[in-house]
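Undergrad: below: sequence and its predicted model.
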Amino acid sequence: MNTLRLNSKGPEVELLQSTLLKLGFYTGIIDGIFGFKTYDATIRFQKEFGISTDGIVGNNTWNKLMPYINGYFNYQIKENDTLYSLSLEFNTTIEAIKMANKDLNEQNLQIGSEIIIPFSNIVQTNISYTTQILNLNINSLQVIYPFIKNGSIGNSVLYRPIKYLKFGNGPKEILYIGSTHANEWITTPLLMKFFEQLCKSYTNNTPIFGINPNILFNEVSLYIVPMLNPDGVDLVTGYLDENSRAYNNARQIASNFPELSFPNSWKSNIEGIDLNLQFPAGWEQAREIKYAQGFDKPAPRDFVGYGPLTAPEAVHLYNFTLNHNFSLMLTYHTQGRVIFYQYQNYTPDESQSIANTFSKVSGYTVQNEPENSSFAGFKDWFIFYYKRPGFTIEAGLGQNPLPISQFASIYNENIGILISALIQ
Ligand SMILES: [Zn+2]
């Protein structure tokens with residue numbers, strides 16, 4: 001974490017503000033600008049937690065904030081502690097404590113031994129969702145939900161790991177993808193929050209959208225790749241250093257397209273290749289269409305690249321898919337509350353009725369893809385290659401990047417899709 005002080009700016013300030021807000025020290029808006037209200041809240045936090053009240057958020061302050069960012073404490077057992085008393089003290093459940101501490105003997109808690117106490121939700125849904133937040137959240141989820149798996153499908157252009165998470169041990173493999181397009185990054189916290197809710201339901205054995213999570217766990221292996229385009233997301237969210245070579249290179253690319261605002265219009269990977277135009281399913285047609293529209297070189301959006309599967313992020317997703325046996329996939333975008341389910345005449349018969357189910361639970365409209373954007377997407381290739389159901393879900397409404405204030409409504413609209421895709 002970087003040291004933050006008065007006048008600092010950016011997504012880490014948003015994280016600071018949201019954490020101080022959660023704790024009741026901050027009452028301002030989350031704007032990523034370290035002004036006097038943030039300064040004042042920091043001082044009060046430091047005073048309360050017994051560290052020097054300098055108003056500067058360095059290692060000491062970050063360390064004290066970290067449990068509230070991560071959603072769990074490392075706690076030393078005291079005399080007379082029971083799981084029940086701890087669950088009351090930390091406003092959590094006995095099941096959550098037991099899940100996070102696999103070898104714990106609850107009849108015989110050892111005084112002085114350290115346990116993990118999960119006490120709050122993890123995934124932030126009110127701030128810019130950078131790779132830093134993603135990595136923090138994945139690490140915390142792995143600690144308190146040890147039954148999940150996480151890893152990387154490969155690295156981005158800037159060597160950021162493209163992470164995946166897995167829930168369940170069932171034979172039916174399902175794949176969800178978020179943030180293929182950089183300025184559609186709200187799809188990352190959408191998938192992450194859903195994943196967290198799924199883990200929480202499984203732990204507490206409570207239904208999720210009316211479905212028993214134990215059944216899901218045993219029947220399905222859900223893989224999510226919540227941020228396919230980590231470099232692009234960091235560019236749009238302001239986490240990529242503006243003085244870095246990569247940032248300046250992107251700005252140079254964007255300068256050829258002055259009608260597209262920078263960095264807010266950026267969809268591509270950091271080298272200006274649109275990752276949803278990289279797959280070997282009508283790539284030549286996509287090139288023809290996009291070149292004719294003027295996207296004939298690296299661009300903030302719509303440049304197909306110099307060949308299919310030339311951007312590392314697309315290559316890794318392609319290989320990851322080939323190494324699994326996904327029976328269905330969803331890829332999340334944000335372009336106006338629509339569901340796409342077709343690729344030319346390769347669409348399997350069952351896709352339309354599944355799309356209708358998604359429409360029913362979300363209120364989104366099932367549509368035929370416009371001809372000029374119906375080639376070379378990941379969903380297109382998946383349908384073409386496997387003849388299995390694949391869907392593009394366009395969540396939310398408005399100009400990208402959608403404001404994070406839309407999160408709650410987007411989540412509520414999509415929870416039904418995210419669950420029903422698992423039980424098709
Ligand atoms: Zn998109």
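TA: Looks like it arrived, so ask away.

Undergrad: dump the C-alpha coordinates for whichever strand or helix holds residue 291 into PDB.
TA: Applying DSSP states H and E as the criterion places residue 291 in helix 283-292. As requested, C-alpha coordinates have been extracted for helix 283-292 and formatted as PDB (Å, rounded to 0.1, in the frame of the first residue of the first chain):
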ATOM      1  CA  TRP A 283     -11.900 -12.900 -37.100                       C
ATOM      2  CA  GLU A 284     -11.400 -12.000 -40.700                       C
ATOM      3  CA  GLN A 285     -14.900 -10.700 -41.000                       C
ATOM      4  CA  ALA A 286     -14.400  -8.700 -37.800                       C
ATOM      5  CA  ARG A 287     -11.300  -7.200 -39.200                       C
ATOM      6  CA  GLU A 288     -13.000  -6.200 -42.400                       C
ATOM      7  CA  ILE A 289     -15.900  -4.500 -40.400                       C
ATOM      8  CA  LYS A 290     -13.700  -2.800 -37.900                       C
ATOM      9  CA  TYR A 291     -11.100  -1.600 -40.400                       C
ATOM     10  CA  ALA A 292     -13.900  -0.100 -42.500                       C
END
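
Undergrad: OK, contacts around the residue in the stretch 251-400 of the chain positioned nearest to the ion?
TA: Of the stretch 251-400 of the chain, the residue with the smallest distance to the ion, taken as Cβ to the ion, is residue 333 at 3.3 Å. All C-beta atoms are positioned from the backbone trio N, CA, C, and that covers glycine. The neighbourhood of residue 333, defined by Cβ atoms under 8 Å, 6 or more residues apart in numbering, consists of 180-181, 184, 187, 276, 392-395.

Undergrad: now do residue 124
TA: Contacts of residue 124 (Cβ under 8 Å, 6+ apart): 15, 18, 133, 137, 189.

Undergrad: who wins for neighbours among the residues you listed?
TA: Within the contacts of residue 124, neighbour counts (other Cβ atoms under 10 Å) peak at residue 189, which reaches 28 neighbours.

Undergrad: how many residues are close by the nearest residue to that one once chain neighbours are set aside?
TA: Excluding the flanking residues, the one nearest residue 189 by Cβ to Cβ, 6 or more residues apart in numbering is residue 129, at 4.7 Å. By other Cβ under 10 Å, 30 other residues sit near residue 129.

Undergrad: now do the strands in the stretch 1-150 of the chain.
TA: Along the stretch 1-150 of the chain, the segments classed as strands by DSSP state E, counting those that start in this stretch run 72-76, 114-118, 149-155.

Undergrad: other SSEs contacting the longest one?
TA: So the one you mean is strand 149-155. helix 131-144, strand 161-167, helix 312-322 (3 or more Cβ pairs under 8 Å, 6 or more residues apart in numbering; DSSP states H and E).

Undergrad: contacts only, for the residue of the stretch 51-200 of the chain at minimum distance from the ion.
TA: Closest contact between the stretch 51-200 of the chain and the ion, by Cβ to the ion, is at residue 181 (3.6 Å). Residues in contact with residue 181 (Cβ under 8 Å, 6+ apart) are 229, 232, 267-268, 274-276, 301, 333-334, 400.

Undergrad: pull out the buried residues from these.
TA: With neighbours counted using 16 or more other Cβ atoms under 10 Å, these contain these buried positions: 229, 232, 267-268, 274-276, 301, 333-334, 400.

Undergrad: isn't residue 112 right next to residue 75, touching?
TA: No. At 11.2 Å, residue 112 and residue 75 do not qualify as touching, with contact defined as Cβ atoms under 8 Å.

Undergrad: which one of those two is surrounded by more residues?
TA: For residue 112 against residue 75, the residue with the higher neighbour count under other Cβ under 10 Å is residue 75, and the figures read 19 against 9.

Undergrad: that one - nearest residue in space that isn't next to it in sequence?
TA: Residue 75's closest residue in space is residue 117 (Cβ to Cβ, 6+ apart), at 4.7 Å.

Undergrad: ok, the one you found - contacts?
TA: Taking Cβ under 8 Å, 6+ apart as the definition of contact, the neighbours of residue 117 are 72-75, 86, 90, 92, 97, 100.

Undergrad: tell me how far residue 44 lies from residue 65.
TA: When distance is defined by Cβ to Cβ, to the nearest Å, residue 44 is 13 Å away from residue 65.

Undergrad: whichever of the contacts of residue 117 end up buried, select them in PyMOL.
TA: The buried subset of the contacts of residue 117, as determined by 16+ other Cβ under 10 Å, is captured in PyMOL by this line:
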select buried, resi 72+73+75+86+90+92+97+100
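
Undergrad: need the contacts of residue 117 in CSV with pLDDT and distance to the ion, can you?
TA: As requested, the contacts of residue 117 are exported to CSV (pLDDT from 0 to 100; distance: Cβ to the ion, whole Å):
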residue, pLDDT, distance to the ion
72, 97, 34
73, 94, 39
74, 95, 40
75, 96, 43
86, 95, 45
90, 94, 40
92, 95, 37
97, 96, 40
100, 96, 36
